[in-house]
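>>> structure here, sequence nowhere to be found:
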């Protein structure tokens, strides 16, 4: 992973939330919220919350006396998430590095992270921090994307951009969001951090967009792929047009749908 893969700034947070969240994150956010609520936690920590897709799904389901700390490494992403969330005294917003959480040992019943672990520079260290702040027998839940070939729209867009930039194709999606998919490796990392009773579920969903243009904007302008495109002569609109054409050619010009797939991991402290 490159250092630039962690940069979600400028217009990316708004476009990410407007396009990427409904395209690929909402179904998994609802699933994560359901899993967390089923554990009946009184103190919850969310790591790498992004623009708050899970926060919005989970907060209404937590009991009145619960405490919910929402963190992200990126202050712009966290600010955007807070701006989209109704006022809630149970929620504390905190900029935090997953590898150095600013919390006491044994502070939370549940720690969870949706689609953030792929960005950890040292995943075992990040998992070890999650374990440190969990209470005895607490639960750590996180999700990561499966390989890019199992996530059709992402694969289509990246192939289209590779044709546009054959000498130096953008590789962010395959390198980082879809670069940590090996379940044997994931299990080994989680166990190396000291967790036991590790379960991994591979979960397929449908990615739906009202048009190929919507999906093209999501990937080309709502993720760090935008930075990769702009670094290649700044052809952002042309690249978005190329991605749109590829999606339309394969899936049609109206509302489109295709498979997405992720791994959901649950581990006991």
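The structure has been received and is ready for your questions. Just so we're clear, the structure is a prediction, and the values are computed from it rather than from any experiment.
>>> quick one, helices of the stretch 51-200 of the chain?
Here the stretch 51-200 of the chain has its helices, by DSSP state H, counting those that start in this stretch, at 53-58, 75-83, 123-133, 152-164, 172-175, 183-192.
>>> who's in contact with the second one?
With contacts defined as Cβ atoms under 8 Å, 6 or more residues apart in numbering, helix 75-83 is touched by 8-10, 13-14, 16-17, 49-52, 55, 70-72, 93-95. No exception for glycine: its C-beta is placed from N, CA and C like everyone else's.
>>> try 7 Å this time
By Cβ atoms under 7 Å, 6 or more residues apart in numbering, the residues outside helix 75-83 that reach it are 8-9, 13-14, 17, 49-52, 55, 70, 72, 93, 95.
>>> likewise the longest one?
Outside of helix 152-164, the residues that reach it under the criterion Cβ under 7 Å, 6+ apart are 148-149, 169-170, 173-174, 178, 207, 215-216, 219-220, 239, 242-243, 246-247, 250, 258-259.
>>> among these, which lie within strands?
Cross-referencing the contacts of helix 152-164 against strands under DSSP state E gives 207, 258, 259.
>>> the residues you listed, buried ones only, as a ChimeraX selection?
For the buried members of those, the matching ChimeraX selection, counting by 16 or more other Cβ atoms under 10 Å, is:
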select :207,258
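>>> any weak-confidence spans in the stretch 1-150 of the chain?
For the stretch 1-150 of the chain, residues meeting the criterion pLDDT under 70 lie at 1-12.
>>> where along it do the strands fall?
Using DSSP state E, counting those that start in this stretch, the strands of the stretch 1-150 of the chain run over 43-46, 67-72, 91-95, 108-114, 134-145.
>>> which other helices and strands does the third one contact?
Put plainly, it is strand 91-95. On a contact count with 3 or more Cβ pairs under 7 Å, 6 or more residues apart in numbering; DSSP states H and E, strand 91-95 meets strand 67-72, helix 75-83.
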